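1. Got a predicted model here, sequence first, then my questions.
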Protein chains: 2
Amino acid sequence: MTSLSTFAEIAALAGDPGRAAMLRALMDGRALTASELAYVAGVTAQTASGHLARMTTAGLLSVAKQGRHRYHRLASSDVAQMIESIMQVASGPGSKRSPLAVGPKDAALRLARTCYDHLAGRLGVALADAVVGSGHVELATDGGLVTDAGVDFFGSIGIDFSALMTRDGKRSSRILCRPCLDWSERRPHIAGSIGAALCAHSFAAGWIDRINGTRAVMITPKGQRVFLEQFGVQLG
Amino acid sequence: MTSLSTFAEIAALAGDPGRAAMLRALMDGRALTASELAYVAGVTAQTASGHLARMTTAGLLSVAKQGRHRYHRLASSDVAQMIESIMQVASGPGSKRSPLAVGPKDAALRLARTCYDHLAGRLGVALADAVVGSGHVELATDGGLVTDAGVDFFGSIGIDFSALMTRDGKRSSRILCRPCLDWSERRPHIAGSIGAALCAHSFAAGWIDRINGTRAVMITPKGQRVFLEQFGVQLG
DNA sequence: AAAATGTTACGGTTACCGTCGAAGCATCAG
DNA sequence: CTGATGCTTCGACGGTAACCGTAACATTTT
């Protein structure tokens, strides 16, 4: 029953408070150095190094050494989804403690941030509402899809699905979407291939920008205009 | 940072080998007594009692006392999805140990079994392939949907979606599907609302039956006929 | 070369948690 | 009422692992 022992092993790795803090910090999809991760975990560098080594050999993390730094990131989207699902359970009805005061307290984080590879916060939720309201995307609790009109719409703003839709040889329909329930807004936003593409394109097109290396993002003036004109979204 | 502490708490609960075995046993969606769970975990009754109490207060399990028995089940489908996602990571590329000998060794389990609330094993995969091949369902890695033809098809075999499709007031499209990667077949099968409905209907209609209280199911003669005529599926 | 920074390795201490024995309640059978 | 079964609580034991000293190694900068 090998799968069982590794199951407990993986879960136990995520069960340590320090390692949990590291994983949570890596949920923005970026790669962090061991020192930064040691800081967020509240432990010394030696301790953090041991944790990172264990999580790397277990397949949770992948490292890329660059000069004298070693950048650690989540190994795959599967790991990100696992962390999400644990957060989902942790934020569930079982968390009686501090019923409404949950979520990031930083205003910038609440406004807009990245969630592994897509956008979250009020911006992410607003964009999701916009594309759902305009009929470009349909969302349910189990999954989501892009309508034919949505394919045209995303194409018009520079996101091409032709590369994404060639899966398994034949066209794999327009199911490229996954709802991701955020714990600050308590509303679903768009994850999956579309969410990742939209987030990447927003960075590339200069609509949003990272705030000094955190997972929070700011909306550029150009982004303000595009989000209002193309999506009808205005925040603040 | 309450959500973080509970995050590690939840993960640590799943990280103990004994508790992991219990959760794994409960993945068939049925309710088990404390004694049965103590047996599958390989611990004494006292130890199991403590584990069950902790997991219940944490919101992972829900209990229903019936006479002098206490039946434990997974608290929600969120918990089941969390367990699935951990299995997904545990079965990932990181599991070098016993590369191909994974999966349930029991022949009955490999053939057909329940996975929380839907069907898995060769039967589950075959049914998924059938409805995908006939164009009734479209599956991708991120989600799935039922086509208009699929709605008619499932209606013709006794599964009505009208109750499922009234979500949030307006019609919530036909996204009721979620792929679930099984660790014995390494192929996706159909979970989500459709998977649950199909599984429940198969039991109700007498197409399948539980094998003496395990998560393995047998295909009745009636089921053999229905699966062949309606889905074109023949196993064995 | 030498200093500085980032990362890993080793030993010893400490605290936590899983485990079981024994005993205490609840429920059912006779 | 008496005995039996299922489950839980209490207390004590033991092992595991997180943690931080100190120290070594690697890389970059001066």
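-> Cool, got the structure. Numbering: from 1, shown residues only, chains lettered A, B, ... in the order given.
2. drop to CA atoms for contacts and neighbour counts, all remaining ones
-> Fine.
3. Roughly how far does A:Gln24 sit from A:Ile83?
-> Not quite, residue A:24 is Arg, not Gln. 8 Å (C-alpha to C-alpha, to the nearest Å).
4. Name the residues of stretch A:139-151 that are buried.
-> A:139-147, A:150-151 (16 or more other C-alpha atoms under 10 Å in any protein chain shown).
5. In helices, which of those appear?
-> If you go by DSSP state H, the buried residues of stretch A:139-151 have A:150-151 in helices.
6. Same list (the buried residues of stretch A:139-151) but as JSON lines, adding distance to chain B.
-> Shown next, in JSON lines, are those (distance: C-alpha to the nearest C-alpha, whole Å):
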{"residue": "A:Leu139", "distance to chain B": "7"}
{"residue": "A:Ala140", "distance to chain B": "6"}
{"residue": "A:Thr141", "distance to chain B": "8"}
{"residue": "A:Asp142", "distance to chain B": "6"}
{"residue": "A:Gly143", "distance to chain B": "5"}
{"residue": "A:Gly144", "distance to chain B": "6"}
{"residue": "A:Leu145", "distance to chain B": "8"}
{"residue": "A:Val146", "distance to chain B": "11"}
{"residue": "A:Thr147", "distance to chain B": "11"}
{"residue": "A:Gly150", "distance to chain B": "15"}
{"residue": "A:Val151", "distance to chain B": "17"}
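7. want to throw the buried residues of stretch A:139-151 into a markdown table with pLDDT?
-> Converted to a markdown table, these look like this (pLDDT from 0 to 100):
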| residue | pLDDT |
| --- | --- |
| A:Leu139 | 86 |
| A:Ala140 | 84 |
| A:Thr141 | 79 |
| A:Asp142 | 80 |
| A:Gly143 | 82 |
| A:Gly144 | 85 |
| A:Leu145 | 85 |
| A:Val146 | 86 |
| A:Thr147 | 85 |
| A:Gly150 | 89 |
| A:Val151 | 88 |
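8. ok, and which of the buried residues of stretch A:139-151 reach DNA strand D?
-> Checking these against DNA strand D by C-alpha under 7 Å from any atom of the strand, not one of them is in range.
9. now that we're looking at the residue positioned nearest the centre of chain A, how far away is B:Gln224 from it?
-> Centroid-nearest residue in chain A: A:Cys115, 2.1 Å away (criterion: C-alpha atoms, centre = their mean). Using C-alpha to C-alpha, A:Cys115 is found at 46 Å from B:Gln224.
10. show me what contacts A:Leu52?
-> By C-alpha atoms under 8 Å, 6 or more residues apart in numbering or on different chains, the contact list for A:Leu52 reads A:34, A:61.
11. same check, this time on A:Ala112
-> Counting by C-alpha under 8 Å, 6+ apart, the residues that A:Ala112 touches are A:119-124, A:216-218.
12. of the residues you listed, closest to B:Gly42?
-> Nearest to B:Gly42 out of the contacts of A:Ala112 is A:Ala120 (C-alpha to C-alpha; 42.7 Å).
13. Spell out which residues make up each domain of chain A.
-> A:2-80, A:107-231 (automatic domain parsing).
14. Reformat the ones you listed as a markdown table; add distance to DNA strand C.
-> Below are these laid out as a markdown table (distance: least, C-alpha to the nearest atom of the strand, whole Å):
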| stretch | distance to DNA strand C |
| --- | --- |
| domain A:2-80 | 4 |
| domain A:107-231 | 15 |
